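> Provided below are the primary sequence and the corresponding predicted coordinates.
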Amino acid sequence: MILQEEGERTKARVITASRILQTKAGRGKIDDHKIRACQDALAQKTSDFKPVAIEFLDQLEIALENAAQSEEGDLDTHKAKIFKPVFDLKASAKMFKYDLVTIMTNIMVDFLERIKTLDQDAVEIVRAHHKTLTLIVLKKMSGTGGDSGKALAKELQSACARYFSKRNAQQ
């Protein structure tokens, strides 16, 4: 559905999916029993986030090591390799009800989108983020983490803000 502006009103225009897309995705209503079965399966799987998260954290650690060994400013080469595990963690954390991990990964995604070059300071901020996420996962801090979670998120935001204020002052 695409929204089109008509003066002060917005009108929705429905675009029919191509046959190829319909073949891949299927058509029609999803059976309520299948939806409930999927929801039940997700509810049962939400207890063990650690193995899933550790895999993504390991990928992030490898990407950080590669980025740290490269020339400064080589953001394009390493950005996707750093982004992918962060995005995967973000998506998985929400499903497993690790809201603090979702909050922390949101902060990191914002940071990574805003940086212009991948200098040592940026790598160190992502490395600190990695260590914090590892701690959250190992301590099984599901939910928002309470006051400790707020303090961790606030400190990561402060580190990112200091990084950008330092860069703006140098320009």
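That came in fine, so what should we check first?
> burial measure for residue 112, as a count.
Around residue 112 there are 20 other residues, counting by other Cβ atoms under 10 Å. To be clear about C-beta, it is placed using only N, CA and C from the backbone, and glycine gets the same treatment.
> how far off centre is whichever strand or helix holds residue 162?
Using DSSP states H and E, residue 162 sits within helix 146-170. Remark: helix 146-170 is offset 17 Å from the chain centroid, using Cα atoms, centre = their mean, to the nearest Å.
> what about that helix, average pLDDT?
Averaging pLDDT along helix 146-170 yields 90.
> how about stretch 27-35?
80.
> buried residues in the helix holding residue 162?
Using 16 or more other Cβ atoms under 10 Å as the test for burial, helix 146-170 gives 149, 152-153, 156, 159-160, 163, 167.
> reformat those residues as CSV; add distance to residue 82.
Shown next, in CSV, are these (distance: Cβ to Cβ, whole Å):
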residue, distance to residue 82
149, 23
152, 20
153, 19
156, 15
159, 16
160, 14
163, 15
167, 18
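> and the furthest pair within those residues?
149 and 167 (27.7 Å; Cβ to Cβ).
> which residues in the protein form helices?
Along the chain, the stretches classed as helices by DSSP state H are 19-25, 32-45, 50-69, 75-95, 99-114, 120-138, 146-170.
> what would those helices look like in JSON lines with distance to residue 11?
Below are those laid out as JSON lines (distance: least, Cβ to Cβ, whole Å):
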{"stretch": "helix 19-25", "distance to residue 11": "23"}
{"stretch": "helix 32-45", "distance to residue 11": "31"}
{"stretch": "helix 50-69", "distance to residue 11": "42"}
{"stretch": "helix 75-95", "distance to residue 11": "33"}
{"stretch": "helix 99-114", "distance to residue 11": "32"}
{"stretch": "helix 120-138", "distance to residue 11": "43"}
{"stretch": "helix 146-170", "distance to residue 11": "40"}
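> give me the low-pLDDT residue ranges for the chain?
1-10, 17, 42-47, 71-75, 170-171 (pLDDT under 70).
> domains of it?
2-42, 48-170 (automatic domain parsing).
> looking at these, which is buried most?
domain 48-170 (a mean of 16; mean count of other Cβ atoms under 10 Å).
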